[in-house]
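> after the sequence you'll find the predicted model.
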Amino acid sequence: MKYKRILLKLSGESLMGNKQFGIDHERLSEYATQIKEIVGMGVQVAVVIGGGNIFRGIQAEEGGMDRVHGDYMGMLATMINSMALQSALEKTGVETRLQSAIKMEQICEPYIRRKAVRHLEKFRVVIFGAGTGNPYFTTDTAATLRAIEIEADVVLKGTRVDGIYSADPEKDTTATKYKTITFSEVYEKGLEVMDMTAFTLCNENKLPIIIFDMNKPGNLKKIMDGEEVGTLVEF
Ligand code: GTP
(Lines give C-alpha, C1' and ligand atoms only; values in the text may rest on other atoms or scores of the structure.)
Protein backbone atom coordinates (compact mmCIF):
# COMPACT_ATOMS: atom_id res chain seq x y z
CA MET A 1 0.00 0.00 0.00
CA LYS A 2 1.53 3.24 -1.14
CA TYR A 3 -0.04 5.66 1.35
CA LYS A 4 -0.91 5.23 5.01
CA ARG A 5 -2.91 8.39 5.57
CA ILE A 6 -4.60 10.44 2.88
CA LEU A 7 -6.74 13.52 2.57
CA LEU A 8 -9.33 13.11 -0.15
CA LYS A 9 -10.79 16.30 -1.57
CA LEU A 10 -14.09 15.81 -3.38
CA SER A 11 -15.82 18.48 -5.38
CA GLY A 12 -19.37 19.34 -4.45
CA GLU A 13 -20.23 19.76 -8.11
CA SER A 14 -19.36 16.20 -8.98
CA LEU A 15 -21.84 15.04 -6.33
CA MET A 16 -24.56 16.32 -8.66
CA GLY A 17 -23.90 13.49 -11.11
CA ASN A 18 -26.22 14.15 -14.02
CA LYS A 19 -28.51 16.34 -11.99
CA GLN A 20 -28.58 20.13 -12.26
CA PHE A 21 -28.51 20.74 -8.54
CA GLY A 22 -28.10 18.94 -5.24
CA ILE A 23 -26.97 15.42 -4.58
CA ASP A 24 -27.12 12.41 -6.87
CA HIS A 25 -27.46 9.49 -4.49
CA GLU A 26 -26.02 7.01 -6.93
CA ARG A 27 -22.85 9.07 -7.28
CA LEU A 28 -22.69 9.49 -3.53
CA SER A 29 -22.88 5.78 -2.92
CA GLU A 30 -20.24 5.15 -5.61
CA TYR A 31 -17.92 7.48 -3.73
CA ALA A 32 -18.72 5.72 -0.45
CA THR A 33 -17.94 2.35 -2.03
CA GLN A 34 -14.57 3.57 -3.28
CA ILE A 35 -13.70 4.96 0.12
CA LYS A 36 -14.81 1.77 1.87
CA GLU A 37 -12.55 -0.20 -0.43
CA ILE A 38 -9.41 1.64 0.66
CA VAL A 39 -10.38 1.76 4.33
CA GLY A 40 -10.60 -2.03 4.06
CA MET A 41 -6.98 -2.03 2.84
CA GLY A 42 -5.94 -0.24 6.03
CA VAL A 43 -5.63 3.29 4.66
CA GLN A 44 -6.48 6.13 7.05
CA VAL A 45 -8.87 8.41 5.20
CA ALA A 46 -9.86 12.01 5.85
CA VAL A 47 -12.24 13.79 3.50
CA VAL A 48 -13.01 17.40 2.63
CA ILE A 49 -15.90 18.06 0.33
CA GLY A 50 -16.89 21.24 -1.47
CA GLY A 51 -20.34 22.78 -1.62
CA GLY A 52 -20.61 24.01 -5.20
CA ASN A 53 -23.58 21.77 -5.99
CA ILE A 54 -25.60 23.72 -3.44
CA PHE A 55 -24.12 27.17 -3.07
CA ARG A 56 -21.09 29.12 -4.22
CA GLY A 57 -19.85 32.17 -2.32
CA ILE A 58 -18.48 33.85 -5.45
CA GLN A 59 -21.83 33.69 -7.24
CA ALA A 60 -23.47 35.27 -4.24
CA GLU A 61 -21.15 38.23 -4.64
CA GLU A 62 -22.05 38.55 -8.32
CA GLY A 63 -25.69 38.71 -7.26
CA GLY A 64 -24.93 41.65 -4.99
CA MET A 65 -24.59 39.73 -1.77
CA ASP A 66 -21.79 40.47 0.64
CA ARG A 67 -18.85 38.15 -0.11
CA VAL A 68 -18.27 37.17 3.49
CA HIS A 69 -21.94 36.34 3.95
CA GLY A 70 -21.88 34.26 0.78
CA ASP A 71 -18.77 32.39 1.89
CA TYR A 72 -20.42 31.39 5.17
CA MET A 73 -23.41 30.12 3.22
CA GLY A 74 -20.96 28.10 1.12
CA MET A 75 -19.47 26.63 4.30
CA LEU A 76 -22.93 25.50 5.36
CA ALA A 77 -23.36 23.91 1.94
CA THR A 78 -20.23 21.82 2.57
CA MET A 79 -21.81 20.65 5.81
CA ILE A 80 -24.85 19.34 3.94
CA ASN A 81 -22.59 17.38 1.58
CA SER A 82 -20.45 16.16 4.48
CA MET A 83 -23.52 14.87 6.31
CA ALA A 84 -24.73 13.15 3.15
CA LEU A 85 -21.36 11.47 2.66
CA GLN A 86 -21.23 10.47 6.31
CA SER A 87 -24.60 8.82 6.01
CA ALA A 88 -23.65 7.05 2.75
CA LEU A 89 -20.44 5.74 4.31
CA GLU A 90 -22.19 4.50 7.43
CA LYS A 91 -24.73 2.70 5.25
CA THR A 92 -21.86 0.67 3.81
CA GLY A 93 -20.65 -0.14 7.32
CA VAL A 94 -17.73 2.27 7.50
CA GLU A 95 -17.24 4.09 10.80
CA THR A 96 -17.08 7.84 10.43
CA ARG A 97 -16.71 11.03 12.41
CA LEU A 98 -17.71 14.42 11.13
CA GLN A 99 -15.95 17.52 12.45
CA SER A 100 -16.97 21.03 11.61
CA ALA A 101 -14.76 24.12 11.48
CA ILE A 102 -17.79 26.07 12.69
CA LYS A 103 -19.30 24.77 15.90
CA MET A 104 -22.58 22.90 15.41
CA GLU A 105 -22.72 20.83 18.57
CA GLN A 106 -26.07 19.27 17.83
CA ILE A 107 -24.86 17.93 14.50
CA CYS A 108 -21.23 16.93 14.91
CA GLU A 109 -18.00 17.36 16.78
CA PRO A 110 -16.07 20.58 16.47
CA TYR A 111 -12.76 20.38 14.62
CA ILE A 112 -10.13 19.21 17.08
CA ARG A 113 -6.92 18.11 15.42
CA ARG A 114 -5.79 15.64 18.05
CA LYS A 115 -9.21 14.01 18.18
CA ALA A 116 -9.27 13.75 14.38
CA VAL A 117 -5.92 11.98 14.43
CA ARG A 118 -7.14 9.52 17.09
CA HIS A 119 -10.19 8.73 14.96
CA LEU A 120 -7.95 8.12 11.95
CA GLU A 121 -5.75 5.79 13.96
CA LYS A 122 -8.90 3.79 14.67
CA PHE A 123 -9.63 3.70 10.93
CA ARG A 124 -12.66 5.91 11.16
CA VAL A 125 -13.17 8.08 8.12
CA VAL A 126 -12.97 11.67 9.32
CA ILE A 127 -14.91 14.21 7.31
CA PHE A 128 -13.97 17.84 7.80
CA GLY A 129 -16.91 20.15 7.17
CA ALA A 130 -17.36 23.92 6.88
CA GLY A 131 -14.10 24.53 5.04
CA THR A 132 -11.52 26.33 7.15
CA GLY A 133 -14.30 28.20 8.95
CA ASN A 134 -13.09 31.44 7.37
CA PRO A 135 -14.35 33.45 4.42
CA TYR A 136 -12.05 34.01 1.42
CA PHE A 137 -10.67 30.49 1.62
CA THR A 138 -11.71 27.68 -0.70
CA THR A 139 -12.34 24.07 0.22
CA ASP A 140 -9.12 23.24 -1.67
CA THR A 141 -7.33 25.35 0.92
CA ALA A 142 -9.28 23.67 3.72
CA ALA A 143 -8.24 20.30 2.32
CA THR A 144 -4.55 21.16 2.17
CA LEU A 145 -4.59 22.82 5.57
CA ARG A 146 -6.22 19.79 7.20
CA ALA A 147 -3.89 17.44 5.31
CA ILE A 148 -0.87 19.26 6.71
CA GLU A 149 -2.35 19.34 10.21
CA ILE A 150 -3.07 15.61 10.31
CA GLU A 151 0.23 14.85 8.56
CA ALA A 152 -1.35 13.13 5.59
CA ASP A 153 1.02 11.59 3.05
CA VAL A 154 -0.77 13.13 0.09
CA VAL A 155 -3.76 15.22 -0.98
CA LEU A 156 -5.92 13.47 -3.55
CA LYS A 157 -8.07 15.81 -5.53
CA GLY A 158 -10.88 13.87 -7.14
CA THR A 159 -12.35 15.73 -10.09
CA ARG A 160 -14.07 15.07 -13.39
CA VAL A 161 -10.84 15.28 -15.37
CA ASP A 162 -8.24 12.56 -15.13
CA GLY A 163 -5.22 14.73 -14.46
CA ILE A 164 -3.29 17.85 -15.41
CA TYR A 165 -2.97 18.62 -19.11
CA SER A 166 -0.58 20.88 -21.00
CA ALA A 167 -3.63 22.84 -22.21
CA ASP A 168 -7.40 22.58 -21.83
CA PRO A 169 -8.18 19.21 -23.48
CA GLU A 170 -11.70 20.35 -24.28
CA LYS A 171 -10.37 23.25 -26.38
CA ASP A 172 -7.00 22.03 -27.62
CA THR A 173 -6.72 18.61 -29.28
CA THR A 174 -2.92 18.60 -28.93
CA ALA A 175 -3.15 18.81 -25.13
CA THR A 176 -1.24 16.04 -23.39
CA LYS A 177 -1.59 14.69 -19.87
CA TYR A 178 1.27 14.78 -17.38
CA LYS A 179 1.85 11.61 -15.40
CA THR A 180 4.00 13.58 -13.00
CA ILE A 181 4.90 17.22 -12.81
CA THR A 182 6.88 19.27 -10.31
CA PHE A 183 5.56 22.18 -8.28
CA SER A 184 7.95 24.56 -10.02
CA GLU A 185 6.82 23.38 -13.47
CA VAL A 186 3.22 24.10 -12.51
CA TYR A 187 4.22 27.64 -11.48
CA GLU A 188 6.35 28.18 -14.60
CA LYS A 189 3.72 26.94 -17.03
CA GLY A 190 0.89 28.70 -15.21
CA LEU A 191 -1.15 25.49 -15.03
CA GLU A 192 -4.25 25.33 -12.90
CA VAL A 193 -4.18 22.58 -10.31
CA MET A 194 -5.84 24.12 -7.29
CA ASP A 195 -6.29 27.70 -6.29
CA MET A 196 -2.95 29.37 -5.59
CA THR A 197 -3.36 29.59 -1.81
CA ALA A 198 -3.95 25.85 -1.58
CA PHE A 199 -1.22 25.01 -4.06
CA THR A 200 1.36 27.18 -2.31
CA LEU A 201 0.45 25.68 1.05
CA CYS A 202 1.21 22.23 -0.38
CA ASN A 203 4.45 23.45 -1.91
CA GLU A 204 5.70 25.12 1.26
CA ASN A 205 4.87 22.08 3.38
CA LYS A 206 6.17 19.44 0.97
CA LEU A 207 2.80 17.83 0.51
CA PRO A 208 2.36 16.03 -2.82
CA ILE A 209 -0.92 16.27 -4.73
CA ILE A 210 -2.61 13.78 -7.01
CA ILE A 211 -5.28 15.02 -9.41
CA PHE A 212 -7.45 12.16 -10.64
CA ASP A 213 -10.87 11.18 -11.92
CA MET A 214 -12.92 10.12 -8.91
CA ASN A 215 -15.89 9.28 -11.11
CA LYS A 216 -14.15 6.19 -12.42
CA PRO A 217 -14.83 3.37 -9.95
CA GLY A 218 -11.70 1.68 -8.68
CA ASN A 219 -9.40 4.65 -9.26
CA LEU A 220 -8.91 5.38 -5.59
CA LYS A 221 -7.84 1.81 -4.90
CA LYS A 222 -5.49 1.84 -7.88
CA ILE A 223 -3.71 4.87 -6.45
CA MET A 224 -3.31 3.11 -3.11
CA ASP A 225 -1.90 0.12 -4.98
CA GLY A 226 0.73 2.42 -6.45
CA GLU A 227 -0.67 2.48 -9.99
CA GLU A 228 -0.16 5.62 -12.03
CA VAL A 229 -3.59 7.20 -12.08
CA GLY A 230 -4.09 10.89 -12.85
CA THR A 231 -1.23 13.33 -12.34
CA LEU A 232 1.15 13.40 -9.40
CA VAL A 233 2.50 16.81 -8.45
CA GLU A 234 5.78 16.23 -6.67
CA PHE A 235 9.02 17.97 -5.71
P1 GTP B 1 -13.20 7.60 21.28
O2 GTP B 1 -12.42 8.66 21.96
O3 GTP B 1 -12.36 6.70 20.45
O4 GTP B 1 -14.14 6.89 22.16
O5 GTP B 1 -14.03 8.41 20.17
P6 GTP B 1 -15.57 8.62 20.03
O7 GTP B 1 -15.75 9.54 18.90
O8 GTP B 1 -16.31 7.34 19.94
O9 GTP B 1 -15.91 9.32 21.39
P10 GTP B 1 -16.96 10.38 21.80
O11 GTP B 1 -17.54 9.87 23.04
O12 GTP B 1 -16.29 11.71 21.75
O13 GTP B 1 -18.04 10.39 20.62
C14 GTP B 1 -19.13 9.50 20.55
C15 GTP B 1 -20.05 9.99 19.46
O16 GTP B 1 -20.50 11.29 19.76
C17 GTP B 1 -19.40 10.07 18.09
O18 GTP B 1 -20.35 9.71 17.10
C19 GTP B 1 -19.06 11.53 17.95
O20 GTP B 1 -19.02 11.97 16.60
C21 GTP B 1 -20.19 12.17 18.72
N22 GTP B 1 -19.78 13.46 19.26
C23 GTP B 1 -18.68 13.78 19.97
N24 GTP B 1 -18.64 15.08 20.28
C25 GTP B 1 -19.76 15.63 19.73
C26 GTP B 1 -20.32 16.96 19.70
O27 GTP B 1 -19.77 17.93 20.20
N28 GTP B 1 -21.50 17.11 19.02
C29 GTP B 1 -22.12 16.05 18.44
N30 GTP B 1 -23.26 16.26 17.79
N31 GTP B 1 -21.64 14.81 18.46
C32 GTP B 1 -20.47 14.59 19.10
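Arrived safely. Given the structure is predicted, the values throughout are model-derived calculations rather than measurements.

> C-alpha from now on. contacts and neighbour counts both.
Noted.

> check which residues of the lowest-mean-pLDDT helix or strand in the chain are buried.
Using mean pLDDT, DSSP states H and E, the weakest-scoring helix or strand in the chain turns out to be helix 57-62, at a mean of 78. Across helix 57-62, burial judged by 16 or more other C-alpha atoms under 10 Å covers Gly57, Ile58, Ala60.

> same for the ligand: which of those residues are within range?
Counting by C-alpha under 6 Å from any ligand atom, the subset of the buried residues of helix 57-62 that neighbours the ligand is empty.

> between the residues you listed, which is nearest the ligand?
Nearest to the ligand out of the buried residues of helix 57-62 is Gly57 (C-alpha to the nearest ligand atom; 25.9 Å).

> residues in contact with the closest one?
By C-alpha atoms under 8 Å, 6 or more residues apart in numbering, the contact list for Gly57 reads Arg67, Val68, His69, Gly70, Asp71, Tyr72, Met73, Gly74.

> repeat for Leu191
Ile164, Ser166.

> so it belongs to a helix, correct?
No - Leu191: not assigned to a helix; according to DSSP: H, G, I helix; E, B strand; the rest coil it is coil.

> isn't Thr96 right next to Val125, touching?
Yes - Thr96 sits in contact with Val125 when judged by C-alpha atoms under 8 Å, with a separation of 4.5 Å.

> which one of these two is surrounded by more residues?
Between Thr96 and Val125, counted using other C-alpha atoms under 10 Å, the more crowded position is Val125 (26 against 20).

> how about that one, phi and psi?
phi -80, psi 120 (degrees, to the nearest 10).

> per-residue pLDDT of it, please?
In this prediction, Val125 carries a pLDDT score of 98.

> what of the one 3 residues further on?
On the pLDDT scale, Phe128 is placed at 98.

> quick one: secondary structure of it?
Phe128 - assigned by three-state DSSP - is strand.

> show me the contacts for it.
Ala46, Val47, Val48, Ile49, Ser82, Leu98, Gln99, Ser100, Ala101, Tyr111.

> hmm, who's touching the one helix or strand the first one maps to?
Put plainly, it is Ala46. According to DSSP states H and E, Ala46 maps onto strand 44-49. Residues outside strand 44-49 that contact it (C-alpha under 8 Å, 6+ apart): 4-12, 35, 39, 78, 81-82, 120-121, 123-129, 131, 139, 142-143.

> and these, which of them are in strands?
Taking DSSP state E, the ones among those that sit in strands are Arg5, Ile6, Leu7, Leu8, Lys9, Leu10, Val125, Val126, Ile127, Phe128, Gly129.
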